[in-house]
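generate coordinates for the sequence data below:
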Amino acid sequence: MPPGVVLITGASAGLGEEMARQFAALGYDLALCARRTDRLDQLRDEITAAHPDRRVSVRALDVTDDDAVFTVFQQFADEFGRIDRVVVNAGLGKGAPLGTGRFDANRATAMVNFVGALAQAEAALTIFRTQKRGHLVLISSMSALRGMRKSMTTYAATKAGVAAIAEGVRSERVPGVDVSVIYPGYIRSEMNAHVKQKTKFMVDTVPGVRAMVAAIEKRKVKAYVPAWPWVPIGVAMRVLPLSVVRKMV
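Next up, the predicted model:
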């Protein structure tokens, strides 16, 4: 019997795509959604070929479409009979320095990363409260720990908001519901494909996601991943002056 059903948003590429592979290898059935269904179909075929016993269902979803988020999550719950874990992963990173004429880019980032995450958390908790159990996982970022400059300002603010959602739900102590927030450091993904390989602390997708999945499996309340070097960097980011932090990350 599979250990459960994991729903992952933004599963067509990057961290979400690799999490799907690694959760399937651990024996989970998968509910995968994203805007690009052609890539989801390819991923489903790849995973079911490697793991014939796994069930993988895919659906199109734009997380900025509130109604669609609730509909798709419930459709997955009805199809599988339960959802054991929801990974709020869909994200966008195309912000611009404030006051430079790209409010559209910053607004789009905020709508996907924060408002979209809020809708996903609402939809997940609706299911979990009914089931009286579930594991809500929100993917934040190390950039959430402090204010970031230029094109990272809005992105970092949205990821701080995501972490605050996690803490608020955790504080409520919903019976049967665990909440985790994951703070990835620099992990190679589609979102940062334009970043030079020599960027310090950058790790490849597979080992980076392996650290994320390990933390999620342990149901950690929060995790900086990979632990090295991001745990000590995270501690430093919290206490050092902003002028120093800007030189670190």
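
so where's the chain uncertain?
Within the chain, the segments meeting pLDDT under 70 span 1, 191-198.

got the contact list for the residue nearest the centre of the chain?
When the chain is reduced to its mean C-alpha position, the nearest residue by C-alpha atoms, centre = their mean turns out to be Asn89, at 2.4 Å. With contact set as C-beta atoms under 8 Å, 6 or more residues apart in numbering, Asn89 has these partners: 8-11, 15-16, 19, 139. Yep, even glycine has a C-beta here, placed from its N, CA and C like the rest.

next one: Asn106
95-96, 98, 153-154.

show me these that map onto helices.
Using DSSP state H, the members of those that fall in helices are 153-154.

report the longest strand in this protein, please.
With secondary structure taken from DSSP state E, the chain has its longest strand at strand 177-184.

ok, it: who's next to it in the sheet?
Taking DSSP bridges as the criterion, strand 177-184 forms sheet pairs with strand 134-139 (parallel), strand 222-225 (parallel).

list of residues touching the last one?
Put plainly, it is strand 222-225. By C-beta under 8 Å, 6+ apart, strand 222-225 touches 142, 163, 166, 180-185, 187, 208, 211-212, 215, 230-231, 233-234.

what distance separates that strand from the centre of its chain?
12 Å (C-alpha atoms, centre = their mean, to the nearest Å).

how about the CA coordinates for it, as PDB?
Taking Å, rounded to 0.1, in the frame of the first residue of the first chain, the C-alpha atoms of strand 222-225 are listed here in PDB:
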ATOM      1  CA  LYS A 222      11.100  24.700   9.200                       C
ATOM      2  CA  ALA A 223      14.200  23.700   7.300                       C
ATOM      3  CA  TYR A 224      17.000  25.700   5.600                       C
ATOM      4  CA  VAL A 225      18.100  23.500   2.700                       C
END
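
just want the angle from the next helix or strand after that strand to strand 177-184.
Using DSSP states H and E, the helix or strand that follows strand 222-225 towards the C-terminus is helix 227-239. Using axes from the mean of the first three to the mean of the last three C-alpha atoms, to 10 degrees, the direction of helix 227-239 lies 90 degrees away from that of strand 177-184.

now for helix 227-239, which elements pack on it?
strand 222-225, helix 242-248 (3 or more C-beta pairs under 8 Å, 6 or more residues apart in numbering; DSSP states H and E).

try 10 Å
Where contact means 3 or more C-beta pairs under 10 Å, 6 or more residues apart in numbering; DSSP states H and E, helix 227-239 is packed against strand 177-184, helix 205-217, strand 222-225, helix 242-248.

save those as CSV, and put in distance to Thr130 too.
Below are those laid out as CSV (distance: least, C-beta to C-beta, whole Å):
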stretch, distance to Thr130
strand 177-184, 11
helix 205-217, 22
strand 222-225, 26
helix 242-248, 42
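
drop anything exposed from the contacts of strand 222-225.
The neighbour count (16 or more other C-beta atoms under 10 Å) marks 142, 163, 166, 180-185, 187, 208, 211-212, 215, 230, 233-234 as buried among the contacts of strand 222-225.

can you pull the contacts of the closest residue to Leu242 other than its chain neighbours?
For Leu242, ignoring the flanking residues on the chain, the nearest one in space by C-beta to C-beta, 6 or more residues apart in numbering is Arg146 at 6.6 Å. Residues counted as contacts of Arg146 (C-beta atoms under 10 Å, 6 or more residues apart in numbering) are 156, 160, 234, 237-238, 240, 242, 245-246, 248-249.
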